[in-house]
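Q: have a look at this prediction, sequence included:
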Amino acid sequence: MILPLVYYGNPKLRNRCTEVQEITEDIKQFCYDMIETMDANKGVGLAAIQVGKLLRILVIRPVLEDEDKEAYLGKAELYINPKLSNPAEQTQIGPEGCLSIPSFHEDVERPISIHVEALDINGNKISKDLQGYKARELMHENDHLNGVLFIDRLPAQKRKEIEPALREIKSKYN
Ligand SMILES: [Zn+2]
């Protein structure tokens, strides 16, 4: 089932999400709905809060490259109660967008790699290091779990410049 998105301007997006206590059948179905909703909106990542549920669940669809450097989408990856650690000191600036802030893209600086521990949909432990764009996707979605949006990570001057565009999005989608 495709779920309705929560858009920028809705105060719900500023909440801190709580951990999933038990991966019930309802939670599993919700996870599948999140993937369906992400794909239906042509997104590459989605956090539960973006469909109005204040739980620490996120999904990403990794953007990969084939031998000819052609981008393609990998298998959806689900992370329940993710904990990020060990961010690389080295950072990278790259473009980001967000399904909650439609048709808006800006360059964001983030560490080039990160370690993540989480549970998968069957409650199995995930522990891995992510690099490059995949690390970026995960950090972007993980920010949502703490009520943080990618625009909060822009330099103050830039944040000021985009204010009119953000106001427009706010009035258009709420
Ligand atoms: Zn987002």
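A: That came in fine, so what should we check first? These numbers were taken from a predicted model, which means no experiment stands behind them. Numbering: from 1, shown residues only.
Q: list the strands paired with the lengthiest strand in the chain, with their directions.
A: Longest strand in the chain, counting residues (DSSP state E): strand 101-111. Here strand 101-111 is paired, per DSSP bridges, with strand 91-98 (antiparallel).
Q: would you mind pulling the contact partners of the partner strand?
A: The contact list for strand 91-98 (C-beta atoms under 8 Å, 6 or more residues apart in numbering) reads 8, 103-112, 132-133, 136, 140, 149-150. C-beta: built from backbone N, CA, C; applies to glycine.
Q: quick one: the strands in the chain?
A: Counting by DSSP E, the chain has strands at residues 45-47, 57-60, 63-65, 71-73, 77-85, 91-98, 101-111, 113-119, 125-131.
Q: now the contacts of strand 91-98: which count as buried?
A: Buried subset of the contacts of strand 91-98 (neighbour count, 16 or more other C-beta atoms under 10 Å): 8, 104, 106, 108, 110-112, 133, 136, 140, 149-150.
Q: in TSV, list the residues you listed along with pLDDT.
A: Shown next, in TSV, are these (pLDDT from 0 to 100):
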residue	pLDDT
Y8	97
F104	92
E106	96
V108	97
R110	97
P111	98
I112	97
Y133	90
R136	96
H140	98
L149	98
F150	98
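Q: what's the closest of those to Q29?
A: Ranked by distance to Q29 (C-beta to C-beta), these are led by H140 at 24.6 Å.
Q: residue contacts, the closest one?
A: Contacts of H140 (C-beta under 8 Å, 6+ apart): 45, 96, 98, 108, 110, 150.
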